[in-house]
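1. Structure, please.
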Amino acid sequence: MSAMFAVANADLPALLPALVLVPVITGLIVAVLPTKGEATPRAVALGGALVTAALSIFLLARFSRGEAGYQFVVRADWVADWGLSWHLGVDGISLFLVVLTAVLFPLAILGATAGHQPKAYYAWMSLLMGGAIGAFVSLDLLLFFACFELVLVPMYFLIGRWGHGNAAYAANKFFLFTMFGSAFMLVGLLSLVFLNQKATGRLSFDVVELTSSQAISTGAARWIFASFAIAFAVKVPLFPVHTWLPDAHTEAPTAGSVILAGVLLKLGAYGLIRFGLEMFPEAAHWATPAIMTVAVIGIVYGAVVAAMQTDLKRLVAYSSVAHMGFIVLGIFSLTVVGLTGGVIQMVNHGISTPALFLLVAFIYEKRHTRDINALSGLQSRAPVLAGFFMIVMLSSVGLPGLNGFVGEYLSMLGAWQTHRWWAVVAVFGVIL
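-> Sure thing, here's the model as predicted:
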């Protein structure tokens, strides 16, 4: 059965492990550097991130677009009796998220400095990169959960130690919300594995095997899907468990906001596809009206609240809530067009929103304020910055001809085919 899902690339067995381990090893090297200055830790972290980015581009170039299933598959048993394995692979969905992650981290390191405690800052950044890529390429459920949880720790410290204003509050809120969701996922994960073992006599955490298993009853599958959906809804985040995001974005350092918007939110949407639609298709269809409803509420709510903000960074944060709603809307349209739009929008949102955070940080560095009312007249003083800001903003809005339009349009087109009234309401979110 696994042969139906996997395409092996035996000539490159170390590529995916290298994508995970290079940033982790880089973080360990940065942590033990003897220097106290920022130049050396930053150079080492940037070097490791650039190597990882180069490997991801090579992965993209070598990916066989005409093949379905997982490629570059690597599997090695950890504890065979417990069904634990080091099982990695990428498909057409995870591929672009891996490349997006690998490319964003060097830009985040270049775009902002630590300011204080540079060794710890760049070590956490590198570890965060390894954990995020590990989650996107994991085909072992327990390995995915470990990587999914691993990214919380570096981001917690990045917000709490290098953030601004009420950073400790924002870091604690981020950690508690995401840990709350992860507790549900752990219960669902173990329930799935043990129910499958009871039916098949085999203990396995293998994603491919569990996806193809028919051993779980409809009722149990719905409960397990709900537990996964709660965890991923918090990470996306969907209304009403979104309240940690504006605080985290506003108080986080620039690099933290870039990675949070560009990478970590995508873990939630990716999880809804990989461990929702693929693993529990019937349960996903059963839950679709509820999930699309909260997605549409998030679209309208995020747009309305963003329009009321005077803090430029907080405005971008609330607009991100709306954009992630479009991604979920496309995914749960349960159409090829909608799902394609959701995946494309994940990548496009991961480009435009981090770019907005970098531009906002540049403005704050020069003017020492993010108050929109105090920033009038910027175009006459910084016309090049204004030009870049206009292009990125129009991309984020979804202007036809720019990258943000494609994903939103396909997501709404998919929703129109199966859930017409939800799509109608979502259009008002675009206007707002």
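2. Okay, residue 108 and residue 258: tell me how far apart.
-> If you measure residue 108 against residue 258 using CB to CB, to the nearest Å, the figure is 4 Å. All C-beta atoms are positioned from the backbone trio N, CA, C, and that covers glycine.
3. Residue 379 too?
-> With the distance defined as CB to CB, residue 379 ends up 24 Å from residue 258.
4. ditto for residue 121
-> Distance from residue 121 to residue 258, by CB to CB: 14 Å.
5. okay, residue 379 and residue 258: which has more neighbours?
-> Higher neighbour count among residue 379 and residue 258: residue 258, with 26 against 12, using other CB atoms under 10 Å.
6. what sits against that one?
-> Contacts for residue 258 (CB atoms under 8 Å, 6 or more residues apart in numbering) come out as 104, 107-108, 111-112, 354, 357-358.
7. returning to that earlier point: now do the shared contacts for residue 108 and residue 258.
-> With contacts defined as CB under 8 Å, 6+ apart, the residues shared by residue 108 and residue 258 are residue 354.
8. ok, residues contacting stretch 172-184?
-> 145, 148-149, 152, 155-156, 159-160, 227-228, 230-235, 237, 241, 243-244, 247-248.
9. Mind listing what's buried along the helix or strand residue 233 falls within?
-> Using DSSP states H and E, the element containing residue 233 is helix 218-235. Residues of helix 218-235 classed as buried: 221-235 (neighbour count, 16 or more other CB atoms under 10 Å).
10. related to what we said a few turns ago, sort out which of the contacts of residue 258 are buried, if you could.
-> Members of the contacts of residue 258 classed as buried by 16+ other CB under 10 Å are 104, 107-108, 111-112, 354, 357-358.
11. ok, which pair from these is furthest apart?
-> The most widely separated members of the buried ones among the contacts of residue 258 are 104 and 112, with 12.5 Å between them, by CB to CB.
12. Around the closest residue in space to residue 337 that isn't next to it in sequence, how many other residues sit close by?
-> Once its chain neighbours are removed from consideration, residue 337 has its nearest residue in residue 414; the separation is 4.3 Å (CB to CB, 6 or more residues apart in numbering). When neighbours are counted by other CB under 10 Å, residue 414 registers 25.
13. Find the helix or strand that the closest residue to residue 227 other than its chain neighbours is a member of.
-> Distances taken as CB to CB, 6+ apart put residue 188 closest to residue 227, at 3.0 Å, once the chain neighbours are dropped. Here residue 188, judged by DSSP H and E, is contained in helix 167-200.
14. tell me which residues of whatever helix or strand comes next after that helix are tucked away?
-> Sequence-wise, the next helix or strand downstream of helix 167-200 (DSSP H and E) is helix 207-212. Within helix 207-212, the residues that count as buried by 16+ other CB under 10 Å are 207-211.
15. Just the mean pLDDT for helix 207-212, thanks.
-> For helix 207-212, the mean pLDDT works out to 85.
16. swap in stretch 375-389?
-> Taken as a whole, stretch 375-389 has an average pLDDT of 84.
17. ok, residue 168 touching residue 160?
-> Yes: counting by CB atoms under 8 Å, residue 168 touches residue 160, with 5.5 Å between them.
18. When these two are compared, which one has more neighbours?
-> In this comparison of residue 168 against residue 160, neighbours counted by other CB under 10 Å, the higher total goes to residue 160 at 19 against 13.
19. can you list the residues that contact the helix or strand harbouring the more buried one?
-> Taking DSSP H and E as the definition, residue 160 sits inside helix 152-162. If you take CB under 8 Å, 6+ apart as the criterion, helix 152-162 is touched by 114-117, 120-121, 124-125, 127-128, 131, 167-168, 170-172, 174-175, 178-179, 182, 248, 251-253, 255-256, 259-260, 264.
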